[in-house]
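Undergrad: Mind looking at a prediction? Sequence and model below.
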Amino acid sequence: MTGQRFAELHLDHVRRAFGDTVALQGMDLTIKGGEFVALLGPSGCGKSTALNCLAGLLPLTGGRITLDGKRIDDLPPEKRGFGMVFQNYALFPHMSVRRNIGFGLSMRKTAKAELNRRVDEAVRLVQLEEHQHKFPAQLSGGQQQRVAIARAIVLEPPLVLMDEPLSNLDAALRLEMRTEIRRLHQSLGLTTVYVTHDQEEALALADRLVVLRLGEVQQVGSPEEVYAHPVNRYVAGFMGYRNMIPVSVSAQDDDQATVRTEDGIELVGVKREELSDKAVAAVRPEDFTVVSEAGDNTLEATVEIVEYHGREQAVEARLKNGEQLHVRTNSRLAPGDTIRLKVPTERVLVFT
Amino acid sequence: MTAVTDRASLKHRLAEKGVDRVLWLLVPGAVFVVLLFVYPFLYGLQLSFQPKGGGSPFQNYVTFFQDEYLAETVWITLRLGLPAALFNVLASIPIAFRMRGRFRGKRALTTLLVVPITLGTVLTAEGLLAFFGPTGWFNRIWMALGADEPAKLTHNYWGVLFSLIITGFPFAFLLTLSYLSGIDPTLEQAAATLGASRRQRFRTITMPLLAPGLAVTFCLSFVLAFSVFPSAVMVGNPAGETHVMSIAAYETALRDNDFAMGSAIAMLMALVMLIVIGVVLVWRTTLYRGATGGKG
Ligand SMILES: Nc1ncnc2c1ncn2[C@@H]1O[C@H](COP(=O)(O)OP(=O)(O)OP(=O)(O)O)[C@@H](O)[C@H]1O
Ligand SMILES: [Mg+2]
């Protein structure tokens, strides 16, 4: 069982509006056969809209979608034949697990023997042998999710679309199913578009990330690229840069900027965009080191809240001007301590 | 000390079985049902076993089936009630299907479809007489199209059937619409991505999930139509073709002053309805009747 490979799926200025709200504005994206692409973004940024447009469940209000040069955005979903895993699974409640999985095949009038063989194979693939005669209501969330995946991939679709398929599961099962999805993707040679608002999930699964905000693509790149080199403050915020310290720019050259916090402390960081005089310095909580002496790139703050997280502590501290900082550190701190936090130049990203 | 905990735990145990103060909320309803339904029903039942002329307690029932004019009412009423209910349920499926989801003018259209409820049977009957009568609009057009004589559509079977359809449709439609809206639309979307055409989706997803609701809708529509009275008099032929059970019961009880026999007819009416409903509901148990909200 392998997906029918295509060479290239091309989204060309795909646009979708609901009345006055534009849910997706001019999305350009090329998906290559065999790729695992994650659409990542906060709630309401247009991820589901993009996926539904791809599946054919929502007509476009502009742009075009082509599959190996053939235009497909005017085809109804049943003619596109992309597999889809819905966020609520959308299993047919009146059909057994087997009939759910075999639904697509029976719609295609597949011969009985062939249908049974392929359903057996799919059931085995998602390890549901014991549950294949049950109804969806008799399954746990994780099992339902497997049925939804099996139902979508048994047809060997050229493209599998998944809309936050793990969001209804608990943390442990989420990790397990995440590995499962990646395993299926690789072993079956699928092409997958996966929607999530969880950056960790996206980084772990995808070959390529597409970060969306308010219906606009912010950045497309490999997980490493997006994680290490976010192009703007929104992507940075999504990639774990929880501290956005307002600064004024005192000097900048091609790749570095010298900035001053409102407390008057000078920081040198990596310049990610052309800057005017107001900017933000983005720093991840885990990139701070607690030091004993003042020095370069060192902030001073007062500890407010300490959360114990096993090996490290999550600390909320406040700069003198009242700006809040999130810090992760191994040092034992207590509320009320005054601390010095050093951050290396390459770990400070300066955005407008 | 122990007395207090005992009392508390008894209260808990009862609450677990659903016995708590919320039960008091049932009291007004229960009193209502007993006074207005159970008591009159039992009174009528025992009355029907006390024939006016004396004799066997079953005499009224025997008379009913021996008297052809009376026995025939069962068939006459079924012949009106079943087609009317069936038509209303079947007609409301495509309309409710089309009216699902949001679109402009939905509220206006729903209002239009539901208005006949507010008219009442008498107004509907008068409207029918004016429209379908021998000199009504319908027949004027019919004659203008070259017919030799006006079509006879009132004071017979057809007049009553039309009236039942007009007054019964809104109920069937509203029920069907609410059952249909209870089906998760992503189920059909999922079927579409799996290659099911519009017709296949309707046949394999929508209909099986809707069928139990349609069975209930049919039962309610049937009960409404089966107890037809005013329109059978006004637009029907109450002495012949549309001599329905409720007319027979009314005439026997209030014209002939035989309350016992009237009660017997009313009991038989209830029995026929129960048989039809029973058959439909037995069929319904063979269907899937769980949640229709997707996840299950
Ligand atoms: N049917 C609709 N009618 C009007 N507006 C809609 C409709 N569907 C979506 N929208 C709007 O389009 C925008 C994008 O919606 P979308 O469902 O794609 O978000 P999302 O990224 O999937 O969010 P989430 O993570 O919460 O699922 C939202 O602002 C939403 O309000
Ligand atoms: Mg969504």
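TA: Yes, it's here. Ligands and ions are numbered 1, 2, ... in the order given.
Undergrad: The strand or helix carrying residue B:72 packs against which elements?
TA: For residue B:72, the element it lies in under DSSP states H and E is helix B:68-99. In terms of contacts (3 or more C-beta pairs under 8 Å, 6 or more residues apart in numbering or on different chains; DSSP states H and E), helix B:68-99 is packed against helix B:59-66, helix B:106-132, helix B:157-181, helix B:207-226, helix B:245-250, helix B:259-285. Quick note: C-beta positions are derived from backbone N, CA and C, even for glycine.
Undergrad: which phi and psi does the closest residue to residue A:215 other than its chain neighbours have?
TA: Nearest residue to residue A:215, sequence neighbours excluded (C-beta to C-beta, 6 or more residues apart in numbering or on different chains): residue A:46, at 4.1 Å. Main-chain dihedrals, residue A:46, degrees, to the nearest 10: phi 110, psi 10.
Undergrad: Then residue A:325?
TA: The phi/psi pair for residue A:325 (degrees, to the nearest 10) is phi -120, psi 140.
Undergrad: check contacts around it.
TA: A:243, A:245, A:288, A:299, A:301, A:316-319, A:341 (C-beta atoms under 8 Å, 6 or more residues apart in numbering or on different chains).
Undergrad: Can you tell me which of those residues are buried?
TA: Restricting those to buried positions leaves A:243, A:245, A:288, A:299, A:301, A:316-317, A:319, A:341, with burial counted as 16 or more other C-beta atoms under 10 Å in any protein chain shown.
Undergrad: Return the subset of these lying in strands.
TA: A:243, A:245, A:299, A:301, A:316-317, A:319, A:341 (DSSP state E).
Undergrad: The helix or strand hosting residue B:142 - contacts with which helices or strands?
TA: Under the criterion of DSSP H and E, residue B:142 resides in helix B:137-144. Under the contact criterion of 3+ C-beta pairs under 8 Å, 6+ apart, helix B:137-144 touches helix B:106-132.
Undergrad: hmm, the helix it packs on touching chain A?
TA: No - applying C-beta under 8 Å from any C-beta of the partner chain, one finds helix B:106-132 separated from chain A by no less than 15.9 Å.
Undergrad: Which other helices and strands does that helix contact?
TA: Judged by 3+ C-beta pairs under 8 Å, 6+ apart, the packing partners of helix B:106-132 are helix B:68-99, helix B:137-144, helix B:157-181, helix B:230-234.
Undergrad: That one to helix B:137-144, inter-axis angle?
TA: If you take axes from the mean of the first three to the mean of the last three C-alpha atoms, to 10 degrees, helix B:106-132 sits at 60 degrees to helix B:137-144.
Undergrad: Let me see the mean pLDDT of helix B:106-132.
TA: Mean pLDDT, helix B:106-132: 85.
Undergrad: what's the longest helix belonging to chain A packed up against?
TA: Assignment by DSSP state H gives helix A:171-188 as the longest helix of chain A. Applying 3+ C-beta pairs under 8 Å, 6+ apart, one finds that helix A:171-188 contacts helix A:141-153, strand A:192-196, helix A:199-205.
Undergrad: How about the last one and ligand 1, any contact?
TA: Think helix A:199-205. No - Helix A:199-205 lies out of reach of ligand 1 by C-beta under 6 Å from any ligand atom, never closer than 12.5 Å.
Undergrad: Could I get the contacting residues of residue A:277?
TA: Counting by C-beta under 8 Å, 6+ apart, residue A:277 touches A:248-249.
Undergrad: Then residue B:64?
TA: By C-beta under 8 Å, 6+ apart, the residues touching residue B:64 are B:70-71, B:261, B:264-265, B:268.
Undergrad: Of those, just say which sits nearest to chain A.
TA: Closest approach to chain A among these (C-beta to the nearest C-beta): residue B:268, at 37.8 Å.
Undergrad: What confidence value was assigned to residue B:296?
TA: Per-residue confidence (pLDDT) for residue B:296: 35.
Undergrad: now do residue A:294
TA: 84.
Undergrad: just checking, it touches residue A:341?
TA: No - using C-beta atoms under 8 Å, residue A:294 is not in contact with residue A:341; the gap is 10.8 Å.
Undergrad: ok, back up a step: I'd like the contacts of residue A:325 written out as JSON lines, with distance to chain B and pLDDT added.
TA: Output for the contacts of residue A:325, formatted as JSON lines (distance: C-beta to the nearest C-beta, whole Å; pLDDT from 0 to 100):
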{"residue": "A:243", "distance to chain B": "39", "pLDDT": "93"}
{"residue": "A:245", "distance to chain B": "43", "pLDDT": "93"}
{"residue": "A:288", "distance to chain B": "43", "pLDDT": "92"}
{"residue": "A:299", "distance to chain B": "48", "pLDDT": "92"}
{"residue": "A:301", "distance to chain B": "46", "pLDDT": "92"}
{"residue": "A:316", "distance to chain B": "38", "pLDDT": "93"}
{"residue": "A:317", "distance to chain B": "43", "pLDDT": "93"}
{"residue": "A:318", "distance to chain B": "44", "pLDDT": "92"}
{"residue": "A:319", "distance to chain B": "47", "pLDDT": "91"}
{"residue": "A:341", "distance to chain B": "46", "pLDDT": "93"}
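Undergrad: List the residues that contact the nearest residue to residue B:248 once chain neighbours are set aside.
TA: Distance criterion C-beta to C-beta, 6+ apart; nearest residue to residue B:248, sequence neighbours excluded, is residue B:73 at 4.7 Å. Counting by C-beta under 8 Å, 6+ apart, residue B:73 touches B:243-245, B:247-248, B:265.
Undergrad: Check which residues of stretch A:168-183 are buried.
TA: By neighbour count on 16+ other C-beta under 10 Å, the buried set for stretch A:168-183 is A:168-169, A:173-174, A:177-178, A:180-182.
Undergrad: Tell me the one among those nearest to residue B:12.
TA: Residue B:12 has its nearest neighbour among the buried residues of stretch A:168-183 in residue A:168, at 33.1 Å by C-beta to C-beta.
Undergrad: which neighbours do residue A:294 and residue A:341 share?
TA: Counting by C-beta under 8 Å, 6+ apart, the shared contacts of residue A:294 and residue A:341 are residue A:300.
Undergrad: Listing request: residues of the stretch 151-296 of chain B with sub-threshold pLDDT.
TA: Where the stretch 151-296 of chain B drops to pLDDT under 70, the residues are B:293-296.
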